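> I need the structure of the sequence given here:
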Amino acid sequence: MTTSPTKSARITSLRSNTPPTGTSSVDRDHSTGQHPQDERLPEGAPLVIGLLVVAAFVVILNETIMSVALPSLMVDLNISTATAQWLTTGFLLTMAVVIPATGFILQRFTTRQVFAAAMILFSAGTAVAAIAPGFGVLLLGRVVQASGTAIMMPLLMTTVLNLVPAVRRGRLMGVISIVIAVAPAIGPTVSGLILSVLSWRWMFIIVLPIAIIALALGLWKITNVTTPRKAPFDVASIVLSTLAFGGLIYGLSSLGEAAEGSVPVPPWLAVGVGVLALAAFISRQLVLQREDRALMDLRTFKSRSFVVSAIMISVSMMALFGSLVVLPLYLQNVLELGTLQTGLLLLPGGVLMGILSPIVGRLFDRVGPRPLVIPGAFIVSIALWGMTTMLHEGTSVGWVIAVHMALNAGLALMFTPLMTSGLGSLDRSLYSHGSATVSTLQQLAGAAGTALFVTALSTTTATGLANGLSEVAATADGVQTAFMIGGFISLAAIIASFLVRRPTSTLPEGAIAH
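Numbers count the residues shown, from 1 in each chain. You can find the predicted model right below:
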């Protein structure tokens, strides 16, 4: 079958992201030192990116959608809290195992093939979960779902980096921030709304047709934006990454359970295995990357901008996921609100982040990261420290909404500039590895934040009960301690924010990074 000249030119344009030939020096914009065409998206790129964003939002939403549903599942399936928690822990573990391999996957296969695999896995997992007769099959569905979810986020980021001119990446990364931060943030709200009128199965039944439509549209419209190469598959790296990231995620995720009772595997043992395996994994990647055979190329860390951005993104994800776990517990166990009320109260913060993210992206393209990241880091810190004193037994709902919105506003000011400056500082050949690394760190940071917040909450609550406090008062003290931990962590983000720089590739000629 032959390819028409028009279609061939379009695909070449998508891959190379170069302006059409024949552009004269007269067409150059002397105010920026760039061709006007350099700022235009290649033909077909908006549709490709739009489909990926919608698909990614749907799959990432499911990362936190189960949190509010666990009590209903425990009753319906007759399982314990520790068992039900595996529906979230298993999802995170699968993500941690699959994401490190996405750098290899994105190099080895075409954009269309990777998208199809991700959405087929997610759709199949959603269908299995919807009809699950018991806990085992439901857990299997969640694991298959997570396999597709893990591939989608690095795919979206890598595609944007390949298609979008450097001077326009901020506004597109702002849209990606909606997926990364807002989708998990509104997961509890969505599940709360569904569970208020329907059974837990409808969380999957409603999502399934959306996923199938996204799959069909993607297979119809998405073209390949990269040139696959025969990247080697290293079995030892897969095994080591599974032990490393799986062990760390499991150990960190089970710290909260261990503080309340027994767990199948002691957290310290899982974390210990994870740390040792991580050291071996890093050592092997350093050797393999000399021959361009690494599963996760660590040359990304040679970029100072990438390192600083990765650290700050990790701190931000710790704050986000820690608050997503602790705030619902505070609203339900201290303020004694219902599931639906809890979900709705957390919605304004998620909506605000969704509104701000594209705006922040556009501002980044104009002013760079520091004027956005530094205020964002201060706002996040103030919000977290405010929660250490504001959240008690008599706190009004209005204060909770206000401080949660402030936290999300600060995070919105940070996510887009950090991702854009960090990933944009890499060589084009490292985009897929940089996306995989950032996604892996996000999962680790989310698990670490959850572990720190929940452990602080559990231990302080237990101490308060032992000292004769009521359960409500003890829990309120635990919530304040948890956010105090977040407050201390946020101080590191403030210091790091002054080190953020704009990638030189996004600057007009002769401009200075700031």
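> how many neighbouring residues does the nearest residue in space to residue 65 that is not next to it in sequence have?
Spatial nearest neighbour of residue 65, chain neighbours left out: residue 187 (4.3 Å); criterion: C-beta to C-beta, 6 or more residues apart in numbering. The way it works is simple: take the backbone N, C-alpha and C, and place the C-beta from them, glycine included. For residue 187, the neighbour count with other C-beta atoms under 10 Å is 24.
> adjust the sequence numbering to begin at 95 for everything that follows.
Happy to do that; since the first residue is 95 now, the last one works out to residue 281.
> am I right that residue 281 is in a strand?
No: read with DSSP: H, G, I helix; E, B strand; the rest coil, residue 281 is helix and lies in no strand.
> and it, what does it touch?
155-159, 161 (C-beta atoms under 8 Å, 6 or more residues apart in numbering).
> run the last query once more with 10 Å
154-162, 297, 418, 437, 440, 444 (C-beta atoms under 10 Å, 6 or more residues apart in numbering).
> and if you look at residue 340?
For residue 340, counting by C-beta under 10 Å, 6+ apart, the contacting residues are 186-191, 364, 367-368, 371.
> ramachandran coordinates for residue 594?
With angles defined as degrees, to the nearest 10, residue 594 sits at phi -70, psi 140.
> surely it touches residue 462?
Yes: with contact defined as C-beta atoms under 10 Å, residue 594 reaches residue 462; the gap is 8.7 Å.
> for stretch 483-490, which positions count as buried?
484-485, 489 (16 or more other C-beta atoms under 10 Å).
> returning to what we had before: for the contacts of residue 340, give me JSON lines that also has secondary structure, pLDDT and distance to residue 262.
JSON lines is the format used below for the contacts of residue 340 (DSSP: H, G, I helix; E, B strand; the rest coil; pLDDT from 0 to 100; distance: C-beta to C-beta, whole Å):
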{"residue": "186", "secondary structure": "helix", "pLDDT": "77", "distance to residue 262": "33"}
{"residue": "187", "secondary structure": "helix", "pLDDT": "80", "distance to residue 262": "36"}
{"residue": "188", "secondary structure": "helix", "pLDDT": "86", "distance to residue 262": "34"}
{"residue": "189", "secondary structure": "helix", "pLDDT": "84", "distance to residue 262": "29"}
{"residue": "190", "secondary structure": "helix", "pLDDT": "80", "distance to residue 262": "32"}
{"residue": "191", "secondary structure": "helix", "pLDDT": "83", "distance to residue 262": "34"}
{"residue": "364", "secondary structure": "helix", "pLDDT": "88", "distance to residue 262": "43"}
{"residue": "367", "secondary structure": "helix", "pLDDT": "93", "distance to residue 262": "44"}
{"residue": "368", "secondary structure": "helix", "pLDDT": "91", "distance to residue 262": "39"}
{"residue": "371", "secondary structure": "helix", "pLDDT": "94", "distance to residue 262": "40"}
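> got a markdown table for those, with neighbour count too?
Listed next are these as a markdown table, based on neighbours: other C-beta atoms under 10 Å:
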| residue | neighbour count |
| --- | --- |
| 186 | 23 |
| 187 | 22 |
| 188 | 22 |
| 189 | 27 |
| 190 | 28 |
| 191 | 22 |
| 364 | 23 |
| 367 | 18 |
| 368 | 23 |
| 371 | 20 |
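> between those, which is nearest residue 327?
Taking C-beta to C-beta as the measure, residue 191 is the one of the contacts of residue 340 closest to residue 327, at 15.2 Å.
> which SSE is immediately downstream of the helix or strand of the chain with the lowest mean pLDDT?
One helix or strand of the chain scores below all others by mean pLDDT, DSSP states H and E: helix 99-110, with a mean of 43. Per DSSP states H and E, the first helix or strand lying C-terminal to helix 99-110 is helix 139-155.
> what packs against that next one?
helix 99-110, helix 205-224, helix 229-257, helix 263-271, helix 277-289, helix 296-315 (3 or more C-beta pairs under 10 Å, 6 or more residues apart in numbering; DSSP states H and E).
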